[in-house]
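S.K.: Sequence and predicted structure are below.
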Amino acid sequence: MSSTYRLDRSVALVTVGVSLMVAAVAVFVAFLLAPLDGAVRWIGYGAIVVAALALVSALRFALRPPVLLRLDADGYRSRTRSAGGIFTGRWLDVEDVTVSDDVLRLAMTDGAEQRLPLDFIRRERMRLLKDVHDRLNTAHGYRRFEG
């Protein structure tokens, strides 16, 4: 079973606000330039397109924030770039996990390190860390000691 972690709602709402401000400025520019004659009219038409795209972007972020991280039994995938490239890999390749300075750090068996900033996953941070811990234990065959 896979788990998904989305962009925190408060961060998504900031993106919605910025998109709405861009749309407002574009509508103002379109209102001023679209009625004019000549090449300036096309700038006004371009501003209408920018306003429409900004509104679509605001709607997308408001209704469904993007997925930042997916975890499954085999590994993890994210579009987030870490110091060593894209944050993706297999659980069997992870040697150690630490959290410091609001960054999840995965030490790999080949000596590389992958980092995932946790500032965008505020509310589900503890669930994410527990999920990473459980998936690592399962992948490496560790079980709870029952005695």
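M.R.: Nice, thanks for sending it over.

S.K.: Just give the strands next to the helix or strand where residue 70 lies in its sheet, each with its orientation.
M.R.: Secondary structure assignment for residue 70, by DSSP states H and E: strand 67-71. Strand 67-71 has the following strand partners under DSSP bridges: strand 3-6 (antiparallel), strand 75-82 (antiparallel).

S.K.: Show me which residues of it are buried.
M.R.: Burial within strand 67-71, assessed by neighbour count using 16 or more other CB atoms under 10 Å, is assigned to 68, 69, 71. Backbone N, C-alpha and C define where each C-beta goes, glycine included.

S.K.: which one in these is the model shakiest on?
M.R.: Taken together, these show their lowest pLDDT at residue 68, with 87.

S.K.: Would you mind listing where the chain has pLDDT under the threshold?
M.R.: The chain contains residues with pLDDT under 70 at 82-84, 144-147.

S.K.: Contact partners for the residue nearest the centre of it?
M.R.: Residue closest to the average C-alpha location in the chain (CA atoms, centre = their mean): residue 68, at 3.5 Å. Residue 68 makes contacts with 5, 6, 7, 78, 79, 80, 120, 121, as judged by CB atoms under 8 Å, 6 or more residues apart in numbering.

S.K.: now the helices for the chain?
M.R.: Ranges of helices in the chain, per DSSP state H, are 9-33, 40-63, 125-139.

S.K.: so who does the residue lying farthest from the centre of the chain touch?
M.R.: For the chain, the largest distance from the centre (CA atoms, centre = their mean) belongs to residue 37, which lies 42.9 Å off. By CB under 8 Å, 6+ apart, no residues touch residue 37.

S.K.: Quick check: buried residues in stretch 18-30?
M.R.: 19, 22, 23, 26, 27, 29, 30.

S.K.: same thing with stretch 117-132?
M.R.: Buried residues in stretch 117-132, counted by 16+ other CB under 10 Å: 118, 120, 121, 124, 125, 128, 131, 132.

S.K.: How much space separates the residue nearest to the fifth one when sequence neighbours are not counted from residue 127?
M.R.: If you skip the residues right next to it in sequence, residue 125 has residue 118 as its closest partner in space, 5.6 Å away by CB to CB, 6 or more residues apart in numbering. With the distance defined as CB to CB, to the nearest Å, residue 118 ends up 12 Å from residue 127.
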